[in-house]
Structure formats: C-alpha cells, structure tokens
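Trainee: My questions concern the predicted model and sequence given below.
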Amino acid sequence: MALLDYTGFDWRIAFTAITVLIFLAAEVYSHYIPQGKRFPLGCLVISILVIASLWLTGEITRTILLDLAALVLVIMVWSQDKHAGKLFLIAALLGSILLATGMALGGLFSENAVQPEGLLANVVICFILVGFSLKLAVIPFSFWLAPLSERTSSMTAVMVISLLDMSEFGSLISLRITAPWIFSSIQWVWIALALLSMFGGALLALAQKNVRRMLAFSTIDDMGYLLLGLAAGTVGGVLGAAIGAISHALCKFLLFGSIGVAENDLDHPVTTDDRGLASQHPASGAAFIAGSLGMIGVPPLLGFLGRWRLYNSGVEAGGIGLVIAMAVATALAILYYVRVIHKVWLGQAYENSTPTQNRILWIKVSFIILIVLMIVATLYPAILPGMGGR
Amino acid sequence: MNALAGFSLAILLVGVVIQLVFGRFFTTRGKGWLAFLFGILSLAGIIALVPTIMQGKTIELSLIPWQTEASFSLYFDGLSCLFALMATGIGSAILFYCIDYMKHEESTTRFYAFMLTFIAGLVGLVSSQNLLMAYLCWEVIGLCSYFLVGFWYRNNAAVTGARKVLVMTHIPGYALLIGILLLYQGSGTLVWTDPTLAAQFNTGIFILFLIAAMAKSVMFPLHTWIPEAMNAPTPVSALLHSACYVKAGVYLIARMYSITGWQPSWNVILMAIGCVTMVVGALYAMIQTDMKRLLAFSTISQLGYILTAFGIGTPMGILAGAFYVFSHGLFKGTLFLCAGAVQHATGTKDMRLLGGLAKKMPGTTLVWLVAAAAIIGVPFTNGFLAKWLLYDAALQSGTWVVVIVAWLVSTFTAFYILKATVGVFFGEESPTTSSNENKIEDASPRMLAGMGVLAIACLFFGIVPQALIKWIIEPATLAMKSSVPTTVSFLGFQLTNTGAPVTAGAILTISALLIVLVIFALRKPSPKGVSSFTGGDPLPEGDTLNVIDFSEFAGDAFAPVIKATNPDPVYLWIWQAIYWFAQKVKLVSEALEKRLAFLLIAAIVIISAVVLWI
C-alpha cells in the first residue's frame, strides 16, 4: 500500500497477477515435463503463501508467510539435490534470522515504527542489509543460487527466483518506503553492493559453461539494478525497481522454461558446447531470446519500462559516472546473453534430438502468452495496476 | 489532418497483427501481397500529409498517455516526412519485390511481420515528439534488423552476422538513452520540441547522440557490422542496410539541427568522421569480390558523403545532405535488389563466379545500369545532382578538404561500381553462369517492377529534381532550421545561385567519372600488350582483366591503409580481455565458495564494519 501511495503502482495486484500466471504456467509445464516429486502441490502451496503474504496485513505476518514459502522450497530443492538444498537452507535460515532480528530490534514489525538512534540504528541496518542480501543472493552472499539453478528442475528454480526472491524484494521495496533511513543513511553502501552484484554477476555469468548457472548469475546481475533503484529512493527509482522485479519474474520463467524443454529432449544439461537447439525447438529458442532481451531491458519488452527508470535513478543518485557504469554492466549482460543465444540456440545443430513438439504445445502457448503480455504491457502500461498515466 | 498522422503507423501495426494472426491462412505469395498492401496504405497516409507539410506547417497527434513522463505523441514536420516517405515508399517497392523473391522461403510470416514492424518503427522514430518514444522505436528497428539478418537462423554465417549487428548497434544505443536522460534531468521534459529541453542541449549530449548515430549509420569505426549483415535475405539488405535502417543515425543527426542551436565546432566533428568514413568505405569496397559486401561497403562510403554534407552546415550543405539521403535510398536500394536478383538466378553473389549476365538477365542489367549510373554520378540521374549539390556546398563554404576527398572517393566509387558492372553483367560468361545456362532466367516481372520503379525514380529526380526539392527537401531543410539556398530547375540548373562554384561542382562530378573511364580504357590490355598482373608474361589469347585482378590490385595497393583502418582486431582484443578477466573472477569466486564459512563471516564482518564505522 505504501508503494501505491508513493508511486501510484499497485504492487499487490500486479504481483498477485504475476504469481497466478507463473503458477498456471508452471503447473502446465510440470504436467508435460516432470519437475520433481509433488511439484504441483508444492507449487500451489508456494503460490498461496506468496499471495497471502501480499494481502494479509502486518509485517510480521508477511515475514512468516514468506519464510514458510522458503521452507517449502527448501524441502523441494533438498529432495532434488541435497547439496543445493543445504546451501539454500543456510541462506534462507541465516537470512531469515538476521532479517527478523533486525526488524525486531528496529521495531519495524510494529506499524508505528520510529527510527532508532545512534549505534542501534546502524546495528539494525547491518542485520537488515545482510539478511536481505542473503535472501536475494546479492554478492557476496550469492553462493546458494548457482548450485540451486543448476541442480534442480527448471520450474523449481523459477519458483525460487520468480516468486520467492521477487516477493522478498517486494518486502524490501515496502521497507524502502516505510523506513527510508535504512537506505538513506548508508546510500553509498547500497550502491556499492548494487554495483558489485551488477559487475560480479555479469562477469561470472560470462564465464559460465552451464547455461543454468549463467542464468543464476544473470539474476544476481539484475538484482544489482533493482537495488540501485531502491538506493536512489526516488519515485522513478522505486517504480523502476518494482516493474523490473515483475519483468524479472516473467523473463526467468521464459529462460528456465526454454532450457528445461531443450534438456528434456537432449537428456543432459544445456551448456555452451551445445549448438543449434532452436532448429529442434524454435518456440523455446524464441522464448529464450525474448527472456534475454527482457532481462536486459530492450524495448519493446516489459523490462524496458523498469530499466529506463533505473537508469534515470542512476543519473539522479550518482550522475553520469554511475549511469555509464550501469551501461557498461548492461553491455556485459548483452555479451553473455548473446553468447548463449548464438552458441547454443542459433546456427547449425550438432546433434539431433527428438523434439516432443506435440507434447509441449501448451508450454509453447504459455511462452507466447507471456511474451505478448510483456510487449503489450510496455506499449500500453495502463494494463499494469495503477499504471494509467505512469 | 491530425488524425491522419497516426494512420500510417496504425495501419502498419495492423498489418503486423494480421500477418501474425492470420498468416497461416495465406500462401507465401498471399502474405507478400498482404504486406505490400499495408505498405502502400502507409505510403498513402504519409503522402496525404505532404501538402500540409509543404506549407511549412507541422502536424501533431497525441496517441496514448503511455507514461507520466512521456506520452505517445506524433509530430510531423518536413524532416519527418522525408524519412517517413523513404521508409514507406522504398519499403513498399521492396515488399512488392519480395512477393516473388520470397515465394520459396519458409517462415515468411515472421519475415513480413518483421519487415512491417521495421517500417512502422522507422515511421515512429522519425515522427516521435518525445525522445523516450524515439528511443523505443530506435531499439525496435534495431531488433528488427537483428531478427531479419538472422532470418535463416540455422545458417551459421547469418547468425554470426546477426550477433554482430546486435552487439555493435545496441550497445552504442545506450549513449542515446543516457543523453536523453541527461536532457530529462536538466529540463524535466522528454518532448524535444519544448524549448526548455533545447536549452539543456550541449556538446556532451551531442557526442552521446553522435555515438549512437554512428553505430546505426555505419560511421567509422563503428561500421564493421554491415558487411556481416549481408547474410540476410537481399530485400532485408535493400530496405534496412541501404535505404532505411542506416538512415536512422542520419535522421538523429539531422534532428539535432531542429532541437538545438547548432554549434560550429560540431561541423568539424561531422566532416572529419564523414570524410574518413567515405574513404574507408570506398577502399574496402574496391577489394571486395562478393557483390553484396561490395554494396555494403559502398553504403558506408555513401553515408560518409551524407554526414559530410550535413557537417558543412551551410544551407546548401544541408540541402545537399537531405537530397543525398533520399537519392541514396533509391539507387542503393535498387542496386541491392539487382544483386538479389542475380543471386536468386545464379545461386551466388561471388563476382569471381559471375560474368556475362546481360544476355540472360537483360531487364536486371538495365535496372542495374541506371542505379549504377546514379551512384557514380552520371548526369540525368539523382546521384549526379546529389554530388553536384555537395561539391557546390563545399566550394561555397571553402572546405577544400571535403572537395578533394569527395572528388577522390567519387573516382573510387566509379571504379568499384564499374568493376561490379563489368564483372557481373558484361564480358565472357563464367563457367558457373554458362554451365547453368538453362536455369538462369531474368528476374520475374514483379521483381523487375519492384526494382524498376526505384530506378525510374532515380532518373526522374535526376531530370526533374525540382519536384523532389520543392515538395520534400525544402520542408525538410526548413525543419532543420535552415533556409532554402537556391531554386533548382530541370536537370539541376540553379536559377538563383549562379557563379563559379555551381559550374565547378558540376565539372568535378563529371570529371570523376571521365577519369575512371580513361583509366579503364588505358588499362585494358591489348592482345599484344604485357600485363603488370602477370609478372611480365603476356596474357593468354582472349583473356582480359577481371574482378579478381582488380580486387587484388586494389588490395595490394591499399594494403597498409586497409590494415590500419580495420577496427575489428581491437574489438576482438577487448572481447578477449573481458572474457579472460571473467574467467579470473570465476576462479576467485569458486575458491571463496569452497570456504563458505570464511566467506560468510568475512563478508558480514566487512559490511558490518563499514556500516558501523559510518
């Protein structure tokens, strides 16, 4: 609600719609391509918890609901890969404890929170900063995301990144408005972390062979931009971060979903040694390209609506130097996405897999719907809740 | 009238939707006809605006609110009209050509959807009143270029070309976005017609815009993507990489004249870039043996002319630039379509494998000859007028460097175009063309009509240039805050601007051609002569110099310059350095993640120390 008052953008309605869309798409996807034991049920539970966290009032309720969602996801991840599950558990547990401690110390669970004074304020900031960094996989706390993305099913990764992470980011946005002192008093630390994530994520993504790991680092990279919008704290910056988070959620479905389709036929993880996958899977190739371009913020995809505002907030917060740094990081992002698109998807195929085109018809339909939605929302943002005239 | 301003854009977008939704119900040709229909309708929409624009008026239309900071609003003035006419007019002719050219291709729904989107994007770009919408359209046409170059996405060469297009045009595009945001920060508006925005325009913003424009308009050293883009279907090369897409950067530069008070120092920058680009493009064109690559480098060179004309900055220079923009679109589009017809008929665009096609493809040869004459600058063609106006502007302003460089490059242009003309259409038939004797046929009537109409326009505007200048070019120059320097009549004779520069301009243009003809005649080996190309041995009976001889000669002669002006090794080095650094970062990251407890504790301690210390 605070976001609605501050920016005119209704995060609750928008993210509820995104959650429902991703839930439906993931259920369809798992119907045709198995995603692990009891995935459909887990997906339903997570979606309900995320939506409940959006609509039930009270900071403590929201925190508990999201922690429950994280717990369900830890169980799902653990059942697919113990190492990834262990790392995810550490991050989720430690992040939750630190965050809850910080919120409690700062009195942020109550509605009429007052900014603490002196050292306590800084201690609270420390707890919250590290807590969110762990949950959102901001560098240097990103250790859990790459193994999780690599070793779990595509849709499990989507649930973690698109729903849980972006919900947590929604909480951070809310905090940015209700307790601005957490950001304004150490703005440059937030900006430094954002830049570290942007450049670190981009360089690490560029160095990956495994495409799922690359996608994990691209999330870390993108998180840098989103944090920068919050660090700037302007209406445009916060709005850009919120739209960026929604775009991120949709794009990650397209990216992981398309890789999952190809892996299902290839029977091995997609790496940069693979070639010409779009020959067998043109719709998945298109989805991957659309997802990549959306992540970079290329118009006319939804990411652009967020990204230009984030750039603008970069100008406001750090002048031309910061915005040039952002552009350089984006150039790196283009390089790693283009590298995968052109090495893995386009060009002549090395090996012939047997495409399950008929089976994945509805997956293709879900890809197309999401792509069209992202384009329409960019050209006519009034369809985004509260974005009429925004 | 205002409502009509949106018609063109709207009808093109409707065309895209219809292609995507109902494309499956049409044959390949049917889709082509459908695309052509929407192209023609959009052209009609733009033509309907011309009478109003000719009166010096502007047309505005607010479409949708879009965002608080920027509504979707259109603004047509003379400059918008010039570029929109090019996009829809040349675009329609090319779409007509496509009906037969693409009839055997798969995935034509995708093809036509992107072609129409591209035309809509360009119309949107040149008619955007707010800069953010312009940036959106700027990137949309960039994406269309990427997807159309990579149309044959199973072909490695095509996708490699597409990758280069995306990387080299999209990344510099951020300079445009940053420039726009800096203007927005300073003025609080994104509407470029707002005087408060103009007041914020400074040399820094100019440089940022110029970087983006250079990449789109293949200016040295950001030009190396265009030869790789030649793996696209030929209509794409004709529409995007000769007539329209590469003109987006030119539009941006021209529009800066409208937005702000032009500073003289900017002229020097433009002329320097333009002259270098003109020379580099021409030198590379001379050494090509691939017909489309030759035309691609020729585009680089010709765009150098255009930028130089705008760089001269006088009313005559601006007039020359605007006239050249339109003329180049016509003759280069025609040349590409002819190259496509040759490739379509013979299966190759390698000039070493071609020859003597005039007998088998007389229609295509005729069209090629007209366009070739225009690009060389033969009188009675629009190319002659364009060059004449440019020389005239350079002479009047006393920019002798431009005169010399442009004249030199004109001779180079004549060389490489004659090389292509003789090598492909005249002389003896090559084994490739003669072995396929029964298969090689002239372009279909529809293809001939598509390229023929452009060739006729080259002649028409060469003989009656006042039509183009009065209706289209003058309003464009007025939109660029320039005055109309002269009145042009039939054949380009200027009625109010007489004197030495005018005559000298014409002499320079014609002399470039004559010199080439003389050198060609002199270098033609006599049956008893000794050729320098054979190391002193006489040429075999009946043998003549061919494309390979010429390309090797040019390649050897200009080798040091060609090596020094190739920026690709630098780009490659940058990429390798980034990749090497990324690998090192990965090693460090992996090493840290193996010591998870240490990583966590160290990170928490450092962050806490920093925060608490503050």
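Mentor: In hand now; what should we look at? Numbering: from 1, shown residues only, chains lettered A, B, ... in the order given.

Trainee: Just the pLDDT for the closest residue to chain B within the stretch 1-150 of chain A.
Mentor: As assessed by Cβ to the nearest Cβ, chain B sits closest to A:P140 within the stretch 1-150 of chain A, at 4.3 Å. Where you see a C-beta, it was placed from the backbone N, CA and C, and this is true even at glycine. Per-residue confidence (pLDDT) for A:P140: 93.

Trainee: and what of A:E150?
Mentor: Reading off the confidence values, A:E150 has pLDDT 96.

Trainee: which residues does it contact?
Mentor: For A:E150, the contact set (Cβ atoms under 8 Å, 6 or more residues apart in numbering or on different chains) comprises A:84, A:210, A:212-213, A:216, A:269.

Trainee: Among those, which ones are in helices?
Mentor: Using DSSP state H, the members of these that fall in helices are A:84, A:212-213, A:216.

Trainee: Let me have these in a markdown table, extended by distance to chain B.
Mentor: Listed next are these as a markdown table, based on distance: Cβ to the nearest Cβ, whole Å:
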| residue | distance to chain B |
| --- | --- |
| A:A84 | 13 |
| A:R212 | 15 |
| A:R213 | 10 |
| A:A216 | 12 |
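
Trainee: Just the helices from the stretch 101-250 of chain B, written as ranges.
Mentor: Counting by DSSP state H, counting those that start in this stretch, the stretch 101-250 of chain B has these helices, from start to end: B:108-127, B:131-149, B:156-187, B:195-200, B:203-216, B:225-228, B:234-238, B:247-259.

Trainee: quick one, which of those is packed in tightest?
Mentor: Of all the helices of the stretch 101-250 of chain B, helix B:234-238 carries the top mean neighbour count, a mean of 28, counting by mean count of other Cβ atoms under 10 Å in any protein chain shown.

Trainee: mean confidence score for it?
Mentor: Across helix B:234-238, pLDDT averages out at 93.

Trainee: mind checking how far B:I607 is from A:F127?
Mentor: Distance of B:I607 to A:F127, given as Cβ to Cβ, to the nearest Å: 11 Å.

Trainee: my bad, should have said A:L373
Mentor: In terms of Cβ to Cβ, A:L373 sits 38 Å off from A:F127.

Trainee: which of the two has more neighbours?
Mentor: Just comparing A:L373 and A:F127: by other Cβ atoms under 10 Å in any protein chain shown the higher neighbour count belongs to A:F127, 23 against 16.

Trainee: quick one: contacts for that one?
Mentor: Contacts of A:F127 (Cβ under 8 Å, 6+ apart): A:98-99, A:101-103, A:105.

Trainee: Identify the residue nearest it in space, chain neighbours excluded?
Mentor: In space, and not counting its chain neighbours, A:F127 is closest to A:G102: 2.8 Å by Cβ to Cβ, 6 or more residues apart in numbering or on different chains.

Trainee: what helices or strands is the helix or strand harbouring that neighbour leaning on?
Mentor: Here A:G102 sits within helix A:82-105, counting by DSSP states H and E. Using 3 or more Cβ pairs under 8 Å, 6 or more residues apart in numbering or on different chains; DSSP states H and E as the contact criterion, the elements in contact with helix A:82-105 are helix A:59-80, helix A:118-136, helix A:145-151, helix B:596-613.
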